[in-house]
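A.B. asks: one predicted model, sequence on top.
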Amino acid sequence: MIEDFLRGREWLLADGATGTNLLAAGLAGDEAPELWNADFPERIRALHQNFVDAGADIILTNSFGCNRRRLAMHGLQERARDLAVLAARNARAVADRAGRKVIVAGSVGPTGDLLEPLGALLEAEAVEIFAEQIEGLREGGADVVWIETMSAVEEMRAAATAASRLGMPYTVTASFDTAGRTMMGVAPPAMVREVGAFRPAPHGVGCNCGVGAADLLLSVLAMTEAAPEAVVIAKANCGIPRVTADGPTYAGTPELMAEYARLAVDAGAHIIGGCCGTTPAHLLAMRRALQEHRRRERPDLAQIERSIGKLVSPPKRPMPS
């Protein structure tokens, strides 16, 4: 599906942030965003619509934490499947009236638990947890499972196994937010190779979230060098996150995100979007930049830092090949 959509194109535009935009719309910090699929579906559909109007080719469902482990923090563990159904239906309704092809990607984030041997969660248990969520996303009309913000290969594999068991195509992205690696120590080249070896294979692999657009682009460069044949996803935070008394804020301007999008294409990414802090206004600037852009030479770190700022969490040692 994604490969067919990319045929004859250099890039697809994924949407921006869900959580930070919902916070701006009134979501309380201790509230489960997924519950808004039932309580305020019009607000969820409005956010999807704003991203489609800004030019998104792919919209992610409001289901990042829609698994029973994370929902248990809100006493909603028994609603994992039905909230996932509603999340997909809300996105599907917007995509179906877009007047052009828009892919509905079922967002699947981590369980929040550590898998064995570092934690108590068995990989087989994680497969069942993800399968419950993905069953709901499939029922609600998601086109693809979008496994995101992962740190451990074992959890990536569990989510991929659940998607494949249910006959759903999937993609995988990780957050390289710890000196160029995931929290669990996985480097971008290792991640793209290990996930690329899953069977059936993912329809895209890459990185999202993290500590800033410059750091994410360094991960993209490492991935596209390690696996030049892969469909690589880049979905960066909107600049550098800063924690304030009112919560996290993101300093990235639409102009910065437009240049990040150009650099992502130059670095070899095929699907470009924004993560935390990215509004429809940022996404519109990215769409316009990409439409006018012609691929340039592959950037190096110096060019990235000149264009969009210094690395926030630089690697402590050279990136393995």
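C.D. replies: Received the coordinates, thanks. Small disclaimer: the values here were computed from a predicted structure and weren't measured.
A.B. asks: contact partners for Cys275?
C.D. replies: Gly16, Ala17, Asn208, Cys209, Gly210, Lys235, Ala236, Asn237, Cys238 (C-beta atoms under 8 Å, 6 or more residues apart in numbering). Using the backbone N, CA and C atoms, a C-beta is placed for each residue, glycine as well.
A.B. asks: and Gly239, by the same measure?
C.D. replies: Gly212, Ala213, Tyr250, Ala251, Gly252, Thr253, Leu256, Met257, Gly277, Gly309.
A.B. asks: hmm, which of these is lowest in pLDDT?
C.D. replies: Lowest pLDDT of the contacts of Gly239: Ala251, 86.
A.B. asks: just to be sure, Pro299 is in a helix?
C.D. replies: No - if the criterion is DSSP: H, G, I helix; E, B strand; the rest coil, then Pro299 is coil and not within a helix.
A.B. asks: about what we covered before: tell me which of the contacts of Gly239 fall in helices.
C.D. replies: Ala213, Leu256, Met257 (DSSP state H).
A.B. asks: save the residues you listed as a markdown table, and put in distance to Thr161 and neighbour count too.
C.D. replies: Shown next, in a markdown table, are the ones in helices among the contacts of Gly239 (distance: C-beta to C-beta, whole Å; neighbours: other C-beta atoms under 10 Å):
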| residue | distance to Thr161 | neighbour count |
| --- | --- | --- |
| Ala213 | 31 | 29 |
| Leu256 | 38 | 22 |
| Met257 | 34 | 31 |
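A.B. asks: Glu42: which of the residues you listed is nearest?
C.D. replies: Met257 (27.0 Å; C-beta to C-beta).
A.B. asks: does that closest one touch Ala285 like I think?
C.D. replies: Yes - in this structure, Met257 is within contact of Ala285 by C-beta atoms under 8 Å, at 6.0 Å.
A.B. asks: helices along the protein, start to end?
C.D. replies: Counting by DSSP H, the helices of the chain are 2-6, 19-24, 36-39, 41-54, 68-71, 80-96, 123-140, 153-165, 188-196, 213-226, 254-266, 280-292, 301-308.
A.B. asks: tell me which strands and helices the first one is in contact with?
C.D. replies: With contacts defined as 3 or more C-beta pairs under 8 Å, 6 or more residues apart in numbering; DSSP states H and E, helix 2-6 has these neighbours: strand 12-13.
A.B. asks: and if we set it to 7 Å?
C.D. replies: Packed against helix 2-6 by the contact rule (3 or more C-beta pairs under 7 Å, 6 or more residues apart in numbering; DSSP states H and E) you find no helix or strand.
A.B. asks: which residues touch the lowest-mean-pLDDT helix or strand in the chain?
C.D. replies: Counting by mean pLDDT, DSSP states H and E, the chain has its least confident helix or strand at strand 241-244, which shows a mean of 77. Residues outside strand 241-244 that contact it (C-beta atoms under 7 Å, 6 or more residues apart in numbering): Val211, Pro248, Thr249, Tyr250, Ala251, Cys276, Gly277.
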